[in-house]
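predicted model follows, preceded by the sequence.
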Amino acid sequence: MATPALRVVGRGCVLRGNDIDTDRIIPARFLRSITFDGLGEHAFEDDRAQSKGDHPLDDDRFAGANVLIVGRNFGCGSSREHAPQSLWRRGFQAFVGGSFAEIFAGNCTALGLPCLVLDAGDLDTLMNAVDARPEQTITVDVAARSVTCDVGMFAARIPDGTRQQLLEGSWNATAVLLDAGDAIERTARSLPYVSGFAG
Amino acid sequence: MSGRSLLDKVWDAHTVRELPTGQTQLFIGLHLIHEVTSPQAFAMLREMKLPVRFPERTFATVDHIIPTLSQKRPLADPLAEEMMVALEENTRENGIQLFDAASGRQGIVHVIGPELGLTQPGTTIACGDSHTSTHGAFGAVAFGIGTSQVRDVLATQCLALARPKTRRIDVTGKLAAGVYAKDVILAIIRVLGVKGGVGYAYEYAGPVIDAFSIEERLTVCNMSIEGGARCGYVNPDDATIAYLRGRPFSPEGAAFDRAARWWRAAASDPDARYADRALLDGTRIAPSVTWGINPGQSVAVNERLPRVADLPDDERASAEEAYAYMSLRPGEPLAGTAVDVCFIGSCTNGRISDLREAARVARTGKVAPGVKALVVPGSQAVANQALAEGLPEVFRSAGFEWREPGCSMCLAMNPDKLVGRELCASSSNRNFKGRQGSPTGRTLLMSPAMVAAAALRGAVADVREIL
């Protein structure tokens, strides 16, 4: 994750369904660790087991895909960064969907992984196109706010601030926040509770 | 000029600067950490050779992985022990206060913050846990963050965030007997949807919310995130100030009076503007139970489950998936559905008032044969108070297990888990597939009193028939 993700070019994997929560993306038992190592192999582990090989992540047609195409409210629930970590470690570099849960999208940004939103009709078209011809090239372009496949180019949405972070390479916020220098302490001093409401 | 909402006042007061991206660099007044989402953040900090900027503004506890049967060290699960040790080392090395089992102040992070007086009105609060919205009950702007953001707060005491819009939700009228805060938030999520709150902070108001105790407000704010809202709050009032007086981390004497004035001033102005408003008639809210695989899929306990064809187009696929997973049938009521496990606890409903209401029900009978029922206090302080009131004995003699404090069966990171396709009546916050530890386990969310009723009947029951 060393370079800002301006454009992700590759192949798509279609994961249908709305409100897919982070417990499904990475079941909690795999959070019993002090690192993010090895999470990739457990992404969607329980859903995959219950689909008996029928899950998109086990579908040979989608092997090697780096763009995950999802429904609405993807990543709702727990704040676990383990969710995008597991998908990134499995090879996904961008997400295209109907909408994303806020904390999930924020976690993706912190890892330099763009989440782009399409209108319902366009998302349907994209899902059907990639389902029909998984080998086609998908281009996710953050600067142009677009997703392109064989069928055409779709206008995509991404919050301005997030887009700029990804384009500037400032998605790892620590350095940007440190740049404020003493202004942080000045804000702290202006808040009476920081000194315990000392007179 | 129109007035400002609490969200706007708190946001403005904590703004360090506007960032070139249009986001705000926001100062975080209170940072809470636990063993699951912090170790990687400390590792990143070490890699970047950065110190913790304000170690006195971060507090730690252990809750997710801690067993509720025996908390003796070393913990039986070596992975849990490793996480525990990492938290102990990270907090010691960085001068961060840790409330572990030996401190007498350990508990679920969202239970101990309020009871210690760490959670205060007008502040910003962040924690690597989505249920951080709980703390909004005091009129704080409190939200969950991921591990990279935990690193940001440790290193800078700040976050880069876009200001949310505010939706004011008024709950009018008066709740009927047997209807609880849990039923109110389930009703709100049912109406506004599980993603209706994305991009919003929820301001809960109106006569029902005003009449709620702080603990009831904590239950409502806790589940804001289940409605998609990263943060939800209630304006501070007399109840808030009264709750905070005399808490271990509350100011004392003249400082408390100064604090109380500042806290009250944080409340939304009467003419504050909101991006959106919603209205719910509290008089019409009934004891509620979820039937599906997200917290928006709920019904009143005696209501028939919705027919898929009657649902809006975009909810049908999820409903079909839910019916298949839950083995429930449209058109039938949930009342009478046999349950295997009953769980009372969690950051949603593991406080003393929750246990008192459940105990009222438990006093009326015995746990049905074949049902496993457990009560898990949210913190050591809750456990001690319950003991002083004789509640553990009430529960035990009714056939419930009384456990040590922790997150327990809410989330399957400790030994408390469902087995196979067990159906669990649960006072927790999430009915996601596999949430309670068995990949095929099933969850029915409801109030603690309703869970106790289900335990006695061995099936989903209307608590109003027992009380």
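Now that the structure is in, tell me what you want to look at.

residues in contact with B:I33?
B:41, B:58-60, B:87, B:96, B:109, B:127-128, B:150 (C-beta atoms under 8 Å, 6 or more residues apart in numbering or on different chains). Placement of C-beta: from N, CA and C, glycine included.

at 10 Å what do you get?
B:39, B:41-42, B:58-61, B:87, B:90-91, B:96, B:98, B:109, B:126-129, B:150, B:153-154 (C-beta atoms under 10 Å, 6 or more residues apart in numbering or on different chains).

and what of B:P74?
By C-beta under 10 Å, 6+ apart, B:P74 lies in contact with B:80-82, B:84-85.

include neighbour count when you put those residues into CSV, please.
Output for the contacts of B:P74, formatted as CSV (neighbours: other C-beta atoms under 10 Å in any protein chain shown):
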residue, neighbour count
B:A80, 21
B:E81, 14
B:E82, 18
B:M84, 21
B:V85, 16
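
and which of those is nearest B:L69?
Distance to B:L69, by C-beta to C-beta, is smallest for B:A80 among the contacts of B:P74, at 12.8 Å.

which residue comes closest to B:R307 once chain neighbours are left out?
Nearest residue to B:R307, sequence neighbours excluded (C-beta to C-beta, 6 or more residues apart in numbering or on different chains): B:P330, at 4.6 Å.

likewise for B:A368?
In space, B:A368 is closest to B:G458, 2.9 Å off (C-beta to C-beta, 6+ apart).

separation between that neighbour and chain A?
Separation of B:G458 from chain A (C-beta to the nearest C-beta, to the nearest Å): 27 Å.

ok, back up a step: hmm, the residue nearest to B:R307 is touching B:Q297, no?
No. B:P330 is not in contact with B:Q297 according to C-beta atoms under 10 Å; the separation is 11.7 Å.

hey, what's in contact with both of the two?
B:291, B:305-306, B:311, B:319, B:323.

same drill for B:P330 and B:Q297, tell me which one is more crowded.
The neighbour count for B:P330 versus B:Q297, taken as other C-beta atoms under 10 Å in any protein chain shown, is higher for B:Q297 (25 against 16).

for the more buried one, what are its contacts?
Residues near B:Q297 by C-beta under 10 Å, 6+ apart: A:19, B:186, B:189-190, B:194, B:290-291, B:305-306, B:311, B:315, B:318-319, B:322-323, B:326, B:431, B:445.

quick one on the thing from earlier: quick check: phi and psi at the residue nearest to B:R307.
Per-residue torsions, B:P330: phi -60, psi 150 (degrees, to the nearest 10).

then A:A94?
Dihedral angles for A:A94 - degrees, to the nearest 10 - are phi -160, psi 150.

for the chain, longest helix please?
If you meant another chain, say so; for now it's chain A. In chain A, with assignment by DSSP state H, the single longest helix is helix A:120-132.

my bad, chain B
Every helix in chain B considered (DSSP H), the longest is helix B:78-94.

re the thing from before, the contacts of B:Q297 in helices, which ones?
B:186, B:189-190, B:315, B:318-319, B:322-323, B:326.

out of the shared contacts of B:P330 and B:Q297, who's nearest chain A?
Within those, proximity to chain A (C-beta to the nearest C-beta) peaks at B:A319, which comes in at 10.7 Å.

I figured that closest one hits B:L311, correct?
Yes. With contact defined as C-beta under 10 Å, B:A319 reaches B:L311; the gap is 5.5 Å.

who has more neighbours out of these two?
Higher neighbour count among B:A319 and B:L311: B:A319, with 22 against 16, using other C-beta under 10 Å.

picking that back up, which of the contacts of B:I33 are buried?
The neighbour count (16 or more other C-beta atoms under 10 Å in any protein chain shown) marks B:39, B:41-42, B:58-61, B:87, B:90-91, B:96, B:98, B:109, B:126-129, B:150, B:153-154 as buried among these.

low-confidence bits of chain A, can you list those?
A:1-5 (pLDDT under 70).

give me the element the residue nearest in space to the middle of it is part of.
Chain A has A:C108 as the residue nearest its centroid, 4.2 Å off, counting by C-alpha atoms, centre = their mean. Per DSSP states H and E: A:C108 is located in helix A:102-110.

hmm, that helix in reach of chain B?
Yes. Interface with chain B: helix A:102-110 contributes A:102-110 (C-beta under 10 Å from any C-beta of the partner chain).
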